[in-house]
Every structure is written in C-alpha cells, then in structure tokens.
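J.: Compute the structure for the input listed below.
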Amino acid sequence: MQYEELLELVKSRRTIRAIKPDPLPDEMIGKLLEMARWAPTGFNMQPMEFLVVKDLELRKAIKEIVDDYKNSDFFALEATREKWQGSPWTIETHGRWDCPLAPVNILILGDTRRRVGLPMVARYSQQKGDSIFESSLSNAFLYMWLAAHSLGLAAQPVSAVKYPKVLGLVKHLLNLPDFVEIYDIFLIGRSAMEGGPSPKLMRHLDEMTHHDRARDDEFLSEEELRKQIMKLRAGNVARHVEADRVADQLGMAK
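T.: Modelled structure (predicted):
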C-alpha cells in the first residue's frame, strides 16, 4: 500500500453507529483478529486477548448494560458541564443514545500478568507500566478499526465499558478474571448508513504542528479554544442524531 492509499483509508474512516444485524462470516472476523494480532506492543509482551461475542443473549445483555449507563449516568453528569459550553445535553434535547445490536461484539482485553516481562524500571513505576500496557492495547484497537474499515465494515467502540458500573457488570457477565482488563468493545457489522463518509471537522495541520522550541503565543488562546470546542461538539452531536434516525427507520436500535 502506498502512502496516499493509506491516508485515504484513514481520512474516510468514521465511527458508524447504525449497524445492520446481518451476521458476518467467520472468515471476515478472523481477518480483523489477525490484523490486530500484529499490532506493536511494548517490549513485545503482547498483552492483548480478544473475546468474540456472537451469542444473541449475551449481546443483548451487554447492550442493556451500556444503554442503561449512557441514558442515566451519562446525562446526569452532563448537567454539570461548564456554562460557557451552552445548555447541557439531555435525553429531551438529544434523544436516547442506545447502542445498535451489532452481529458481533469484539472485546479488546489485556492480561495484566504480562507486565512481569517489562524492564524492571517499568515494573516498579506504575505510571510507566500503565503507559506501556495501555499503548499496546490501543495499537491493537486501532489496527482492528482500520482493518474493519478496509473490509467495508462498520465499527463503533463502546468506551463506556471503562466506567466502573459497566466494567464490573460486563466482566461478571462474561466471566472474565480479575487479572484481565477490558480496553474497549467493538460493535462490528455492516453499515446501515448510505453514501460516503460524513463530513468531519478537522483542525488544520499548521495549527497543531510545532517546531523546536514553542513560543509563548503559539497555542490557541482560551477564547479561540472554546470556540473550536463548541464547533467540534456540535458536529459530534449531528452524527449521533443522524445515526439514531437511520437506526429508528430500520428498527435496529431495539
């Protein structure tokens, strides 16, 4: 693959929140796992494990746990958002944020016992050890996401699994031992969205690139930063609303 092809793949990737329930062939799932297996990891300790969930009742249970959190705790905390960002997001203004019942859930897991193979300086520094462990899992996560996109599949990460309530309930449901951490969950299937990738507001490269020693005035002012944050948040909400609309039309959000 040439650089231009890789860049185009990355630029066209999106989080797809409207996913068809149609099953995926095992061969395609295997390709996702194989790509993630080759992700770089700190000192080649390869802490990642993958749990593929296709059982309908388990997928429904995971969805119920996540939906309950996203539509209760999530919006409850949004009420505390800083006033300069405008009115807080609520179910009344933004609707329920339910996960699709995707045909496959893939959990990216990390076996904490593999940290014993790290250099001693990392083993005795929790911050350093955590950084290496998390970076290794994030590489596998990103490799899988790009693999899904290259195969024409939709993927939605369920980062809510990092919150204690969701994490504890999902680990209990799936009988995961204490030494295994859940990095993230991918909901994967075929996209229900039509057309090409939705517009994505991106910061300009020259705004985020710095050279040698930073100047005092090189970063956005507080006012400029707040204006930009408002634009980015508005775009994120618009994508959520469109995905929910498509899912409701096809009856896939239940």
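
J.: pretty sure residue 89 is in contact with residue 78, am I right?
T.: Yes - the criterion here is Cβ atoms under 8 Å, and residue 89 meets it with residue 78 at 4.6 Å. Backbone N, C-alpha and C define where each C-beta goes, glycine included.

J.: Pick out whichever of the two has more residues nearby.
T.: residue 89 (20 against 16; other Cβ atoms under 10 Å).

J.: Residue 233 versus that one, what's the distance?
T.: 9 Å (Cβ to Cβ, to the nearest Å).

J.: Strands along the stretch 151-254 of the chain, start to end?
T.: Assigned strands in the stretch 151-254 of the chain, in chain order: 154-157, 180-189 (criterion: DSSP state E, counting those that start in this stretch).

J.: list the helices and strands the last one packs on?
T.: Which is strand 180-189. Applying 3 or more Cβ pairs under 8 Å, 6 or more residues apart in numbering; DSSP states H and E, we find strand 180-189 packed against strand 104-111, helix 126-150, strand 154-157, helix 164-173.

J.: So which of the ones you listed is nearest residue 12?
T.: Residue 12 lies closest to helix 126-150 among those, at 7.2 Å (Cβ to Cβ).

J.: Low-confidence ranges, the stretch 151-254 of the chain, go.
T.: 236-254 (pLDDT under 70).

J.: run the last query once more with 50
T.: 253-254 (pLDDT under 50).

J.: show me what contacts the residue nearest to the spatial centre of the chain?
T.: Centroid check for the chain by Cα atoms, centre = their mean gives residue 157 as the closest residue, at 3.2 Å. By Cβ atoms under 8 Å, 6 or more residues apart in numbering, the contact set of residue 157 is 15, 141, 145, 184-187.

J.: Out of those, which end up buried?
T.: 141, 145, 184-187 (16 or more other Cβ atoms under 10 Å).

J.: Between these, which sits nearest residue 119?
T.: Taking Cβ to Cβ as the measure, residue 141 is the one of the buried ones among the contacts of residue 157 closest to residue 119, at 23.7 Å.

J.: The residue lying closest to the closest one once chain neighbours are set aside - how many residues pack around it?
T.: Once flanking residues are discounted, residue 141 sits nearest to residue 108: 5.2 Å by Cβ to Cβ, 6 or more residues apart in numbering. When neighbours are defined as other Cβ under 10 Å, residue 108 has 24 of them.

J.: Hmm, residue 140 and residue 108 touching each other?
T.: Yes - using Cβ under 8 Å, residue 108 is in contact with residue 140, at 5.8 Å.

J.: what sits in contact with each of the two?
T.: In contact with both residue 108 and residue 140: 36, 48, 183, using Cβ under 8 Å, 6+ apart.

J.: Quickly list what the second one is bridged to.
T.: It stands for residue 48. With DSSP bridges as the criterion, residue 48 is bridged to residue 110.

J.: dump the residue contacts of it.
T.: With Cβ under 8 Å, 6+ apart, residue 48 has these contacts: 36-37, 39, 41, 108-111, 136-137, 140, 183.

J.: which among the residues you listed gets closest to residue 172?
T.: Nearest to residue 172 among the contacts of residue 48, with distances taken as Cβ to Cβ, is residue 109, at 14.6 Å.

J.: list the contacts for that closest one?
T.: Residue 109 neighbours (Cβ under 8 Å, 6+ apart): 48-51, 176, 180-183.

J.: mind redoing it with 7 Å?
T.: 48-51, 180-183 (Cβ atoms under 7 Å, 6 or more residues apart in numbering).

J.: And the pLDDT for it?
T.: Note on residue 109: pLDDT of 98.

J.: Skipping adjacent residues, who's closest to it in space?
T.: Closest residue in space to residue 109, ignoring its immediate chain neighbours: residue 49 at 4.1 Å, by Cβ to Cβ, 6+ apart.

J.: Quick check, that neighbour in contact with residue 111.
T.: Yes - at 5.7 Å, residue 49 and residue 111 qualify as touching, with contact defined as Cβ atoms under 7 Å.
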